[in-house]
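K.L.:
have a look; sequence and predicted model below, questions after that.
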Amino acid sequence: MISEVSRLGPGVRRGGAGAQLACSAAILGLQAVSPALAAPHSGVPKVRTGPELSDIALFVVAAIGVFVVRRALRKRFMKRPPKD
């Protein structure tokens, strides 16, 4: 007997219209609130004395991404028998 997930195919979920509507409403709500939370820019440049917090966060996220991808590829290729 074929399970419900395999009939839907890979990557397809049974969310329905309600889940899609909730997701759309959440995205629209975030877009409406975003400009109010943004800090205005004074137009005066400041002297850079070091990396900003966002630069460090971007580096950390990229390093984690590289680590996760390399680990997944190692695990994937360790399952295969070596070619002769």
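P.N.:
Structure's in. What do you need?
K.L.:
where in the protein is pLDDT low?
P.N.:
1-18, 33-39, 82, 84 (pLDDT under 70).
K.L.:
do that again at 80, thanks
P.N.:
1-23, 26-42, 79-84 (pLDDT under 80).
K.L.:
now do the helices in it.
P.N.:
For the chain, the helices defined by DSSP state H cover 4-8, 16-37, 53-78.
K.L.:
possible to save those as TSV with mean neighbour count and distance to residue 47?
P.N.:
C-beta: built from backbone N, CA, C; applies to glycine. As requested, the helices of the chain are exported to TSV (neighbours: other C-beta atoms under 10 Å; distance: least, C-beta to C-beta, whole Å):
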stretch	mean neighbour count	distance to residue 47
helix 4-8	9	56
helix 16-37	9	26
helix 53-78	10	16
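K.L.:
which stretch among the ones you listed comes nearest residue 44?
P.N.:
helix 53-78 (19.4 Å; C-beta to C-beta).
K.L.:
and the closest one, what does it pack against?
P.N.:
Here helix 53-78 touches no other helix or strand, going by 3 or more C-beta pairs under 8 Å, 6 or more residues apart in numbering; DSSP states H and E.
K.L.:
so which of the helices of the chain comes closest to residue 45?
P.N.:
Closest of these to residue 45 is helix 53-78, at 16.5 Å (criterion: C-beta to C-beta).
K.L.:
using CSV, write out the CA atom coordinates for stretch 64-84.
P.N.:
This file holds the C-alpha atoms of stretch 64-84, laid out as CSV (Å, rounded to 0.1, in the frame of the first residue of the first chain):
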residue,chain,number,x,y,z
ILE,A,64,28.0,27.1,9.8
GLY,A,65,26.6,26.6,6.3
VAL,A,66,29.9,25.4,4.9
PHE,A,67,30.2,23.0,7.9
VAL,A,68,26.7,21.6,7.4
VAL,A,69,27.1,21.1,3.6
ARG,A,70,30.5,19.4,4.0
ARG,A,71,29.1,17.1,6.7
ALA,A,72,26.1,16.2,4.5
LEU,A,73,28.3,15.5,1.5
ARG,A,74,30.7,13.3,3.5
LYS,A,75,27.7,11.4,4.9
ARG,A,76,26.2,11.0,1.4
PHE,A,77,29.4,9.7,-0.2
MET,A,78,30.3,7.4,2.6
LYS,A,79,27.2,5.4,1.9
ARG,A,80,28.3,4.6,-1.6
PRO,A,81,30.6,1.7,-2.3
PRO,A,82,33.9,2.8,-3.9
LYS,A,83,34.1,2.5,-7.7
ASP,A,84,36.7,0.2,-9.2
